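> show me the folded form of this:
(4 chains)
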Protein chains: 2
Amino acid sequence: MEEIKKMKIAIFEDNQQFRESLEFVIVTSNDMELCGSFEDTNRLLQRIEALQPDVVLMDINIPGKNGIDAVKEIKEKFPKVNVCMQTVFDDDDKIFASLCNGASGYILKNTPPDKIIQAIREVAEGGSFFTPSVAKKVLNNFQQKPQQGEFVQLTEREKEILKHLVDGLSYKMIAEKVYLSFHTIHTHLRHIYEKLHVNSKGEAVSKAIKNRLV
Amino acid sequence: MEEIKKMKIAIFEDNQQFRESLEFVIVTSNDMELCGSFEDTNRLLQRIEALQPDVVLMDINIPGKNGIDAVKEIKEKFPKVNVCMQTVFDDDDKIFASLCNGASGYILKNTPPDKIIQAIREVAEGGSFFTPSVAKKVLNNFQQKPQQGEFVQLTEREKEILKHLVDGLSYKMIAEKVYLSFHTIHTHLRHIYEKLHVNSKGEAVSKAIKNRLV
DNA sequence: ATTAGTATACCCCGAATTGGCGATACAGTT
DNA sequence: AACTGTATCGCCAATTCGGGGTATACTAAT
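This next block holds a predicted model:
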């Protein structure tokens, strides 16, 4: 009988049913070991520290710190620990926030056991695993085309001022920043609005970003 | 015996061994039909036009037009055809170029047959499939983006209103749009500003876009 | 040399919008 | 009972926006 070093898995999931289901999947596998199972993220880092898991399964909506902040903390303190997010909803915001914060995988809770095992193995080996619908969202984000817009020819001054506007500065603050009078900023902004065919700060900022003018 | 409409698959692969291996995988499946198999991309669009495949398996390095340009042409002319790329190398540039050009999946050639079938099914249904190593690269690209993703939990209403704000609508216009009073919009915006830690429309719009809240 | 155009910078006014402060109310959850 | 999300209202100061105008400087074409 060869001795295999089992992967150590920690579960963070507040729903008892899901948690037990995950526990079952782990303990009945032959290459994984359940090293901890919790229903909240209290004392998160201490727990990770003590357990030294290879993979963490983290629920997005979990009492205590939410899963998105949790994954961030984990990756900051223990970069080698790989985290796989799980949730019932495939909500865009949460997916991207999780992935940006360092999660390596994202599975929905309707994922069948064999896929969960597969996901954990991939994640443990430093790979990544997405549920297809999540993969699709990630992909869409990639394919968002450079929204080619009307040629907008802004002068250097105008681009500079627009950039400050995008950064959230008011007319007055921009004036101070670039050593011009409030009135001049006003005039420039009027020209910019005309060129962009907009008539509010919000629209200007939005168009500036989308057309990559900043 | 129920009559199932089989998915129509077209293969573009110059290596004879791989191509025959793929053909075998397809024809031995029970829900797929091989509608074409080619060793180059000559007369690509005419072939697609004639065969009307549901899914195209496209080799990256293929004589004639390379796979990256091919997927672009296919998606431009036949957006409903889903393309899954395949190659021996997991070369960053080619992966991203393919995905940006509209590929829905990316598998390496060492992928076992059952995974290939799985990938095709996902892709056919409009989902996406990445080999783990590819998923990892996609993910890294995400996480490298110089954006610290502080997660902001907005309610549905708030997100809706923020979207309109980004579109350049004024408080009053938003109120009309969502059939609420001006005052309510005002209140929601105040909450949103608080959650985003901003205090001007410009900053709110900018942060909304950068944090993918819209 | 004059004209025309554009970029820059400044000013005033007035109406509309925004932002910050407060308060109330109700339904659903915890 | 406390909390959250939603929706409503008032007040007031600051900001924004669109309109008008003036002025210098530089370029390019006439």
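> okay, which residue is most central for chain A?
residue A:97 (1.9 Å; C-alpha atoms, centre = their mean).
> close enough to count as contact, that residue and residue A:68?
Yes. Here residue A:97 lies in contact with residue A:68, judged by C-beta atoms under 8 Å, at a distance of 4.9 Å. Every C-beta, even on glycine, is put in place using the N, C-alpha and C of the backbone.
> any common contacting residues for these two?
The contact sets of residue A:97 and residue A:68 overlap at residue B:151 (C-beta atoms under 8 Å, 6 or more residues apart in numbering or on different chains).
> how near is residue A:98 to residue B:27?
According to C-beta to C-beta, to the nearest Å, residue A:98 stands 40 Å off from residue B:27.
> what about those two, which has more around it?
residue A:98 (28 against 11; other C-beta atoms under 10 Å in any protein chain shown).
> checking my notes, the more buried one in a helix, right?
Yes. Under DSSP: H, G, I helix; E, B strand; the rest coil, residue A:98 sits within a helix.
> just checking the distance from the top helix by length along chain A to the centre of its chain.
Secondary structure of chain A per DSSP state H: the longest helix is helix A:182-196. Centroid displacement of helix A:182-196 relative to its chain, using C-alpha atoms, centre = their mean, to the nearest Å, is 36 Å.
> does chain B sit close to it?
No. With C-beta under 8 Å from any C-beta of the partner chain as the criterion, chain B is not reached by helix A:182-196; the gap is at least 10.2 Å.
> now for residue A:65: which residues touch it?
For residue A:65, the contact set (C-beta under 8 Å, 6+ apart) comprises A:41, A:44, A:73.
> how close does the closest residue to the first one other than its chain neighbours get to chain B?
Spatial nearest neighbour of residue A:41, chain neighbours left out: residue A:64 (3.7 Å); criterion: C-beta to C-beta, 6 or more residues apart in numbering or on different chains. From residue A:64 across to chain B, the span is 15 Å (C-beta to the nearest C-beta, to the nearest Å).
> and residue A:56, by the same measure?
For residue A:56 relative to chain B (C-beta to the nearest C-beta), the value is 16 Å.
> specify the local secondary structure of that residue.
strand.
> before we move on, back to that, can you tell me which of the contacts of residue A:65 is closest to DNA strand C?
Taking C-beta to the nearest atom of the strand as the measure, DNA strand C sits nearest to residue A:41 out of these, at 16.1 Å.
> quick one: the closest one and residue A:67 touch, right?
Yes. Between residue A:41 and residue A:67 a contact is recorded at 7.5 Å, counting by C-beta under 8 Å.
> just the pLDDT for the residue nearest to the centre of chain A.
pLDDT recorded at residue A:97 is 79.
> next one: residue A:149
Note for residue A:149: predicted pLDDT of 51.
> then residue A:73?
Per-residue confidence (pLDDT) for residue A:73: 88.
> what residues does the host helix or strand of it touch?
Residue A:73 is located in helix A:67-77, with elements delineated by DSSP states H and E. Helix A:67-77 is touched from outside by A:12, A:41, A:44-45, A:48-49, A:56, A:58-62, A:64-65, A:81, A:83, A:85, A:87, A:94, A:97-98, A:101-103, B:151, with contacts defined as C-beta under 8 Å, 6+ apart.
> repeat for stretch A:5-20
A:22-23, A:26, A:31-41, A:44, A:47-48, A:51-59, A:61-63, A:67, A:70, A:86, A:109, A:120-121, A:124.
> in chain A, where is pLDDT below threshold?
Chain A contains residues with pLDDT under 70 at A:1-4, A:144-151, A:214.
> what does it have sitting close to DNA strand C?
Applying C-beta under 7 Å from any atom of the strand, we find that chain A lies next to DNA strand C at A:153, A:155-158, A:180-184, A:186-188, A:191, A:200, A:202.
> picking that back up, strands - which of the contacts of helix A:67-77 land there?
The strands, defined by DSSP state E, take in A:12, A:56, A:58-59, A:83, A:85, A:87 from the contacts of helix A:67-77.
> related to what we said a few turns ago, could the contacts of residue A:65 go into JSON lines alongside neighbour count?
Listed next are those as JSON lines, based on neighbours: other C-beta atoms under 10 Å in any protein chain shown:
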{"residue": "A:41", "neighbour count": "22"}
{"residue": "A:44", "neighbour count": "22"}
{"residue": "A:73", "neighbour count": "16"}
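> nearest to residue A:170 among these?
residue A:73 (35.3 Å; C-beta to C-beta).
> just give the nearest non-adjacent residue to residue A:165, would you?
Residue A:165's closest residue in space is residue B:202 (C-beta to C-beta, 6+ apart), at 5.4 Å.
> helix or strand for the one you found, which one?
Assigned by DSSP H and E, residue B:202 falls in helix B:201-210.
> need the residues that contact that helix.
Residues outside helix B:201-210 that contact it (C-beta under 8 Å, 6+ apart): A:165-169, A:200-202, A:204-206, A:209-210, B:147, B:162, B:165-166, B:189, B:192-193, B:196, B:198, B:213-214.
> out of these, which touch DNA strand D?
When these are checked against DNA strand D using C-beta under 7 Å from any atom of the strand, the ones in range are A:200-202, A:204.
> thinking again about what came up before, give me the neighbour count for the residue nearest to residue A:165.
22.
> distance of it from residue B:193?
Distance from residue B:202 to residue B:193, by C-beta to C-beta: 12 Å.
> repeat that for residue A:96.
22 Å.
> more neighbours, the two?
Comparing residue A:96 with residue B:193 by neighbour count (other C-beta under 10 Å), the higher total belongs to residue A:96, at 22 against 17.
> contacts only, for the residue lying closest to that one once chain neighbours are set aside.
Nearest non-adjacent residue to residue A:96, counting by C-beta to C-beta, 6+ apart: residue B:212, 5.1 Å away. Residues counted as contacts of residue B:212 (C-beta under 8 Å, 6+ apart) are A:92-93, A:96, A:141.
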